[in-house]
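Peer 1: Structure, please.
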Amino acid sequence: MKTLTKYLILLIFLALIAGNIFVFVYSLNLSDDINHFEKGIEKLHQENLNLENKIYEVDSLQYAASIAAQLDFIKKAEPSYLENLKYAKNQ
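Peer 2: The predicted structure follows:
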């Protein structure tokens, strides 16, 4: 009976040690996966910041003014006022 108890306790300790080793190795793999995903998230965050800056540049009035200058647009339109009624009376 004593030897059976000793072997049973030894077997339980070996099972616990094997379980501990398994959990340790599994946690190392999870840590590597977490680091991999964090690097991916950091890359996406940096790309997002770059795209936001490009959007702000395109949305700015300076960009619109430079594109308008490239396309030979005039700065201000000259409105025609209807103070003379010749347009309305067809004179």
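
Peer 1: Going by C-alpha atoms from here, please, whenever you check contacts or count neighbours.
Peer 2: Will do.

Peer 1: On the three-state scheme, Thr3 is what?
Peer 2: helix (DSSP: H, G, I helix; E, B strand; the rest coil).

Peer 1: begin at 304 from here
Peer 2: In the new numbering, first residue 304, that becomes Thr306.

Peer 1: and Ile370, how many neighbours?
Peer 2: Per other Cα atoms under 10 Å, the neighbour tally for Ile370 reads 13.

Peer 1: mind checking the SS state of it?
Peer 2: Classified using three-state DSSP, Ile370 is helix.

Peer 1: Report how many residues lie close to Tyr366.
Peer 2: For Tyr366, using other Cα under 10 Å, the count is 13.

Peer 1: That one against Tyr359, yeah?
Peer 2: No: using Cα atoms under 8 Å, Tyr366 is not in contact with Tyr359, being 9.5 Å away.

Peer 1: Next one: Lys357 from Ala372, what distance?
Peer 2: 20 Å (Cα to Cα, to the nearest Å).

Peer 1: what distance separates whichever strand or helix holds Ala318 from the middle of the whole chain?
Peer 2: Per DSSP states H and E: Ala318 is located in helix 305-362. Computed by Cα atoms, centre = their mean, to the nearest Å, the chain-centroid distance of helix 305-362 equals 22 Å.

Peer 1: Averaged pLDDT, that helix. What do you get?
Peer 2: Confidence over helix 305-362 (mean pLDDT, whole number) is 96.

Peer 1: Counting by contacts, list what that helix packs against.
Peer 2: Contacts defined by 3 or more Cα pairs under 8 Å, 6 or more residues apart in numbering; DSSP states H and E place helix 305-362 against no helix or strand at all.

Peer 1: Thanks a lot, catch you later.
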